[in-house]
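> predicted model and sequence follow; I will ask about them next.
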Amino acid sequence: MKKIFLAVLMLATFILSGCGSQGKEESKDEPQATAKEDTQAEAAQDVKGNLKISMLNVGQGDAILIQTGKQTILVDTSDTDERDLLVKELEKLAVTKIDKLILTHPHADHIGSAKALINPSKKELSANPYLEKISVAEVYDNGISASSPLYKSYMKAIDAKGTTYKALKVGDTLDFGNSVKFNVLYPTPELVDAVNGGQKSDPNNESVVGKLTYKKFSMLFTGDAEKEVEASLLANNKTKDLKCDVLKSGHHGSYTASTKDFIAAVNPSYVLISCGPDEERRNTYGHPHLEPLENYLAQGIDEKNILCTRWNGTITITSDGKNFSVQPENNEDWVDKWIKKKQKDKKK
């Protein structure tokens with residue numbers, strides 16, 4: 001009996017060792033991932049969490065959707081000519097209620113679809129039937145009046161619907177639900193009073209600037225704020241109050257924003273740019289410009305972490321408050337090619 005037991009034990013040991021060695025030989029034949037591939041795979045990992053931020057692909061305009069699980073917030077609404085794109089994106093994400101609509105400043109490529117979202121006309125509903133499913137609970141802007149028909153139309157829409165309205169200024173904090181906060185860093189009350197009193201100013205430099213925080217994650221929203229505003233933010237805030245994981249590139253990646261000092265203070269891991277292709281009449285400026293891209297790279301931001309709706313489509317950030325992932329709709333590496341093109345154009 002003892003001999004039979006030993007024989008069985010030896011046979012089992014042989015079989016198991018054979019399986020083990022076979023597994024090792026097979027693993028030798030498998031391609032090994034490089035460190036670069038490992039890094040890319042890690043970066044592409046989809047973090048699950050309550051916070052979802054989508055920089056929508058709406059051409060040259062701005063429209064950023066924030067979903068916290070408790071509230072849905074839309075920052076800017078693209079232009080009237082881009083309304084079809086905006087509505088398509090909102091429908092794709094099944095957005096039916098916008099708890100907070102934040103309009104950074106009254107330029108057309110930021111407020112162009114505000115009126116249609118708040119109180120659409122029959123004509124607007126006919127063109128975009130999905131608008132009928134969307135409601136807007138609260139509207140926020142910078143509190144600076146404008147004379148444009150677009151501005152007047154959305155203010156009339158607010159009155160007609162009885163929508164809650166509030167002007168934002170530095171020091172205000174909005175609660176987006178699920179511990180997500182939006183701290184307003186600009187404009188100052190003094191600027192608002194001066195411009196409403198008749199002082200001339202560029203609407204870009206009246207933009208609502210705010211820092212979104214969700215536990216350890218943060219993102220800076222800049223509207224079309226330019227160098228003048230960046231200097232003010234640097235002068236009036238501690239570096240820790242500007243430091244963010246993700247930066248929304250000011251003014252569609254224009255050379256009028258993203259100074260070296262500002263980028264150094266913000267020190268983001270990712271930069272997101274919203275702009276359209278050259279054939280769109282509003283991007284005759286050639287956004288994004290060379291100078292901001294060079295400043296981002298000089299700060300040590302990986303070119304793969306500089307994303308633009310023009311090439312990458314809608315860009316989605318997901319965070320659980322500790323980690324975050326950034327997923328572009330299209331994985332196109334455009335930065336190096338675009339910089340070389342811009343450098344070549346500069347020499348002409």
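Ah, there it is. These numbers come from a predicted model, not from an experiment.

> for Ile73, what is the enclosing helix or strand?
strand 72-75 (DSSP states H and E).

> go on, Phe262?
helix 260-266.

> show me what the next helix or strand after that helix pairs with in its sheet, parallel or antiparallel.
As assigned by DSSP H and E, the chain's next helix or strand after helix 260-266 is strand 270-273. With DSSP bridges as the test, strand 270-273 is paired with strand 246-248 (parallel), strand 306-308 (parallel).

> pLDDT averaged over the last one - what is it?
What it means is strand 306-308. For strand 306-308, the mean per-residue pLDDT is 97.

> next: the first one.
Model confidence over strand 246-248 averages 98 on the pLDDT scale.

> can you spell out which residues form a bridge with the most centrally placed residue in the chain?
Nearest residue to the geometric centre of the chain (CA atoms, centre = their mean): Met55, 4.1 Å. Beta-bridge pairing for Met55 (DSSP bridges): Ile64, Ile315.

> that one reaches Gly61, doesn't it?
No - using CB atoms under 8 Å, Met55 makes no contact with Gly61, being 11.2 Å away. Every residue, glycine included, has its C-beta placed from N, CA and C.

> tell me, what's touching those two both at once?
Residues touching both Met55 and Gly61 (CB atoms under 8 Å, 6 or more residues apart in numbering): Ser274.

> returning to what we had before: make CSV from the strands paired with strand 270-273 and add distance to Ala231 to it.
Converted to CSV, the strands paired with strand 270-273 look like this (distance: least, CB to CB, whole Å):
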stretch, distance to Ala231
strand 246-248, 16
strand 306-308, 23
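
> among the ones you listed, which comes closest to Ile98?
Ranking the strands paired with strand 270-273 by proximity to Ile98 (CB to CB) places strand 246-248 first, at 18.6 Å.

> the closest one: how far from the chain's middle?
Averaging C-alpha positions (CA atoms, centre = their mean, to the nearest Å) puts strand 246-248 7 Å from its chain's average.

> repeat that for stretch 80-90.
On CA atoms, centre = their mean, the centre of stretch 80-90 falls 17 Å from that of its chain.

> list the buried residues of that stretch.
80-83, 85-87, 89-90 (16 or more other CB atoms under 10 Å).

> what helix or strand is Ala137 located in?
Under the criterion of DSSP H and E, Ala137 resides in strand 135-141.

> other residues contacting whatever helix or strand comes next after that strand?
The helix or strand immediately downstream of strand 135-141 is helix 149-161, counting by DSSP H and E. Helix 149-161 is contacted by residues 80, 103, 106, 108, 111-112, 114-115, 118-119, 136, 139, 145-146, 163, 165 when judged by CB under 8 Å, 6+ apart.
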